[in-house]
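Peer 1: prediction below, plus the sequence it came from.
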Amino acid sequence: MKPLFVLVIVYVALLAFGTHTTFDKGNIFAGNMAMAAMLLFTAIGHFKFKTSMAAMVPLFIPKKVELVLLTGVMEILFAIGLAIPGTRHFTGIALIIFYIVILPANIYAAKNRINYEDLYKPGPGPKYLWFRIPFQLFLIVWVWYFSIR
């Protein structure tokens, strides 16, 4: 839920305050910068909660902590790519693929009640998927609208 708040608050703030400055670059800029801010926010979690997030990775996948750190680095690179107009389209395509690829880890975590912030507390369980799956689709549509189309 926190990433959604970051995404929306940054987007609205850029639209609201941008019109009062010479910095205003419009709706597409605001949408991409909001997604970049959200990606930087979520990347922090990959480093701060790496052990708990590693538990989200299905058992058959090796090097879980390294994979969590790699995806955190990827999120930072995606944020940078969205900030550069010349790389935005390619970054958007790669980011949509990324969102599709990580969805099974979120489903696995929900089914197994994994709390990505604290491994010793149970996560919300399968009911979390009622939020997570639509949110993942929302992120994909957001990236397509602001970065690809």
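Peer 2: Here it is on my side, so go on. Residues are numbered from 1 along each chain as shown.

Peer 1: tally of neighbours for the closest residue to G26 other than its chain neighbours?
Peer 2: Leaving aside its sequence neighbours, G26 sits nearest to G18 (C-beta to C-beta, 6 or more residues apart in numbering; 7.7 Å). Using the backbone N, CA and C atoms, a C-beta is placed for each residue, glycine as well. Counted with other C-beta atoms under 10 Å, residues neighbouring G18 total 17.

Peer 1: point to the residue nearest the middle of the chain.
Peer 2: Centroid-nearest residue in the chain: L39, 4.8 Å away (criterion: C-alpha atoms, centre = their mean).

Peer 1: quick one, what contacts it?
Peer 2: When contacts are counted by C-beta atoms under 8 Å, 6 or more residues apart in numbering, L39 touches 75-76, 78-79, 82.

Peer 1: 7 Å - rerun?
Peer 2: Neighbour list for L39: 75, 78-79 [criterion: C-beta atoms under 7 Å, 6 or more residues apart in numbering].

Peer 1: now it: which helix or strand?
Peer 2: Using DSSP states H and E, L39 sits within helix 26-48.

Peer 1: any buried residues in that helix, and which?
Peer 2: Under the neighbour-count criterion of 16 or more other C-beta atoms under 10 Å, helix 26-48 has 29-39, 41-43, 45-46 buried.

Peer 1: C-terminal to it, what's the next element?
Peer 2: helix 50-54.

Peer 1: so for L70, what's the pLDDT?
Peer 2: Note for L70: predicted pLDDT of 97.

Peer 1: and the angle from the helix or strand containing it to helix 26-48?
Peer 2: Element membership for L70 (DSSP H and E) is helix 64-83. Going by axes from the mean of the first three to the mean of the last three C-alpha atoms, to 10 degrees, helix 64-83 is angled at 160 degrees with respect to helix 26-48.
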